[in-house]
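Colleague: Quick one, what's the 3D model for this:
(one chain, ligands or ions: 1)
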Amino acid sequence: MSTAPRIAIAGAGLGGLTLARVLHVHGIASTVYELDASATARDQGGSLDMDPESGRQALLHAGLLEEFRPLSRPEDGELRLLGKDATVGFRIPAPEPGEGDEGEERPEIDRRALRDLLLRSLPEGTVRWGHKIRSASPGPGRPALTLSDGRTVEADLLVGADGAWSRIRPLVSEADPVYSGLSYVDCLLRDVDTRHPAVAELVGRGTMFALADEKGLIAQRNGGDRVRVYAAVKAPEEWSRSGLIDPADPVAAKKRLLDLFPDWDEGLRALIAESDGPLVARPIHALPIDHRWDRMPGVTLLGDAAHLMSPFAGAGANLAMLDGAELGLALATHDDLETALNAYETPMFPRAEAAAAQSADNLTDFFHPDGLRIARETFIALTSGGEAR
Ligand SMILES: Cc1cc2nc3c(=O)[nH]c(=O)nc-3n(C[C@H](O)[C@H](O)[C@H](O)COP(=O)(O)OP(=O)(O)OC[C@H]3O[C@@H](n4cnc5c(N)ncnc54)[C@H](O)[C@@H]3O)c2cc1C
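Modeller: Numbering: from 1, shown residues only. I've put the predicted structure just below:
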């Protein structure tokens, strides 16, 4: 762009940080406003696999692919699908050592390691920690943010990268996330190889789905010898907030959760029974599959703010990063701001819609009474093979 626009990015998630980084690579400054007090204020969640066509493309545009490789864990790329009796119905082995970080593979990386990589790549002061955005307004002249302390910040471009409950989204859209009918309970097991060897054996080197009775136990290897477990149940939206699963009382929470998986194999129930630390329940929401908006001068959205979807396409973080990279490239390429925003949004809308539709279909299919069989067929079709049994 010929004159330096003032760019304000709401949210230092993977999408907002990728945008800031790609802009920086092209010599364009931006400021990221983030509500967390620091980079370590909050657990960043589990492991992500980087899709070659989205997350890894974004890392390439960010000039970070080389630094990404030693942080990634291609050896944790196994996929297992189990029934509630713990028999394996489908398996894709982890890549052999030396494979899995090139071509079509999807190497795993812990979210914290990925976010830290992006943060390290930005000039000091780019992220304003502890800056909670209360609201945003379209003008009169330029869009503006209002922070929780009452200060306002004007910008030529305001980017909502502030996730599911974006404070920027209302400027362009009336859509709100809708509860999917499914809730997760997050559990974590530490020192799995030494303290939980049977769990380590059951989960293998990657992600394990156990599906039955319209429920699921989804476990994934994380770095640092940890296994993260998502227990998935159909429940009313209020269930997560009802106090039945109380993070402050893990003993009672485990018992209540185990009661929802009464006749599941003990090895699978151990994913809950042996978990360390608090259990955290959360409802899974999604925006309408075809969510889009009319061009609003100087304002756009990316990532979950634009296209929140359930996690069953494994796409949200990958797409948030691709959005950030493509928006950064568009701003670096086009002199006119609105031309750049059009160039970014035009391919982003159908791309997000396809992933959101896939994710919604997978949720319906996996938590169907016959979900195990349908998931097996889905995985076979997606991977054209694996080791089906
Ligand atoms: C259980 C689960 C598993 C998932 N697994 C995968 C997977 O395997 N692969 C994959 O690709 N995706 C996965 N996803 C989806 C992925 O987590 C999201 O799509 C991704 O994190 C979106 O990134 P983002 O940058 O758009 O938003 P976020 O990661 O939500 O970041 C938004 C940032 O904005 C900040 N913020 C929010 N509100 C404000 C405010 N008012 N003021 C200032 N800052 C604010 C937040 O603190 C946060 O730092 C999963 C999601 C869940 C729930």
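Colleague: Spatially central residue for this protein, please.
Modeller: In the chain, the centroid-proximal residue (Cα atoms, centre = their mean) is residue 317; its distance is 3.9 Å.
Colleague: Run through the residues of the stretch 251-389 of the chain sitting next to the ligand.
Modeller: Residues of the stretch 251-389 of the chain found near the ligand, taking Cβ under 6 Å from any ligand atom as the criterion, are 303, 304, 305, 311, 314, 315, 316, 317, 318, 320. Glycine gets a C-beta too; all of them are placed from N, C-alpha and C.
Colleague: Can you give me the buried ones in the longest helix along the chain?
Modeller: Determined from DSSP state H, the single longest helix within the chain is helix 337-366. Across helix 337-366, burial judged by 16 or more other Cβ atoms under 10 Å covers 337, 340-341, 343-345, 348, 351-353, 355-356, 358-360, 362-363, 365-366.
Colleague: can you check stretch 165-179 too?
Modeller: Buried-residue list, stretch 165-179, by 16+ other Cβ under 10 Å: 166, 167, 168, 169, 171, 172, 173, 177.
Colleague: between these, which is nearest residue 183?
Modeller: residue 177 (13.8 Å; Cβ to Cβ).
Colleague: Distance check, that closest one against residue 33.
Modeller: 21 Å (Cβ to Cβ, to the nearest Å).
Colleague: Equivalent analysis for residue 58, please.
Modeller: 21 Å.
Colleague: So these two - more neighbours on which side?
Modeller: residue 58 (31 against 24; other Cβ atoms under 10 Å).
Colleague: element containing the more buried one?
Modeller: helix 55-61 (DSSP states H and E).
Colleague: List the buried residues in that helix.
Modeller: 55, 56, 57, 58, 59, 61.
Colleague: For that helix, what is the distance to the chain centroid?
Modeller: 16 Å (Cα atoms, centre = their mean, to the nearest Å).
Colleague: likewise stretch 205-223?
Modeller: Worked out by Cα atoms, centre = their mean, stretch 205-223 lies 16 Å from the chain centre.
Colleague: just the helices in the stretch 151-300 of the chain please.
Modeller: 192-195, 197-203, 250-258, 266-273 (DSSP state H, counting those that start in this stretch).
Colleague: which other residues reach the helix or strand of the chain at the bottom of the mean pLDDT ranking?
Modeller: Within the chain, judged by mean pLDDT, DSSP states H and E, the helix or strand with the poorest mean is helix 371-383; its value is a mean of 88. With Cβ atoms under 8 Å, 6 or more residues apart in numbering as the test, helix 371-383 has contacts from 79, 81, 83, 89-90, 92, 209, 211-212, 214, 216, 362, 365-366, 368, 386, 388.
Colleague: What residues sit buried inside that helix?
Modeller: 371, 372, 374, 375, 376, 378, 379.
Colleague: For residue 111, which residues are in contact?
Modeller: Residues near residue 111 by Cβ under 8 Å, 6+ apart: 14, 44, 45, 46, 47, 48, 317.
Colleague: now with 6 Å?
Modeller: 44, 45, 48 (Cβ atoms under 6 Å, 6 or more residues apart in numbering).
Colleague: Next: residue 233.
Modeller: Counting by Cβ under 6 Å, 6+ apart, residue 233 touches 183, 215, 260.
Colleague: Using the three-state scheme, assign residue 80.
Modeller: strand (DSSP: H, G, I helix; E, B strand; the rest coil).
Colleague: can you start the count at 20 instead of 1 from here on
Modeller: That works, and once the first residue is 20, the last one we named lands at residue 99.
Colleague: about what we covered before: of all the residues of the stretch 270-408 of the chain next to the ligand, which two lie farthest apart?
Modeller: Going by Cβ to Cβ, the pair spanning those furthest: 324 and 333, at 19.2 Å.
Colleague: pretty sure residue 348 belongs to a helix, no?
Modeller: Yes. Counting by three-state DSSP, residue 348 is located in a helix.
Colleague: As CSV, the helices of the stretch 170-319 of the chain with distance to residue 164 and mean neighbour count would be great.
Modeller: Formatted as CSV, the helices of the stretch 170-319 of the chain follow (distance: least, Cβ to Cβ, whole Å; neighbours: other Cβ atoms under 10 Å):
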stretch, distance to residue 164, mean neighbour count
helix 211-214, 43, 14
helix 216-222, 43, 17
helix 269-277, 38, 16
helix 285-292, 41, 18
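Colleague: now the ones you listed as a markdown table including mean pLDDT?
Modeller: Shown next, in a markdown table, are those (pLDDT from 0 to 100):
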| stretch | mean pLDDT |
| --- | --- |
| helix 211-214 | 96 |
| helix 216-222 | 96 |
| helix 269-277 | 95 |
| helix 285-292 | 98 |
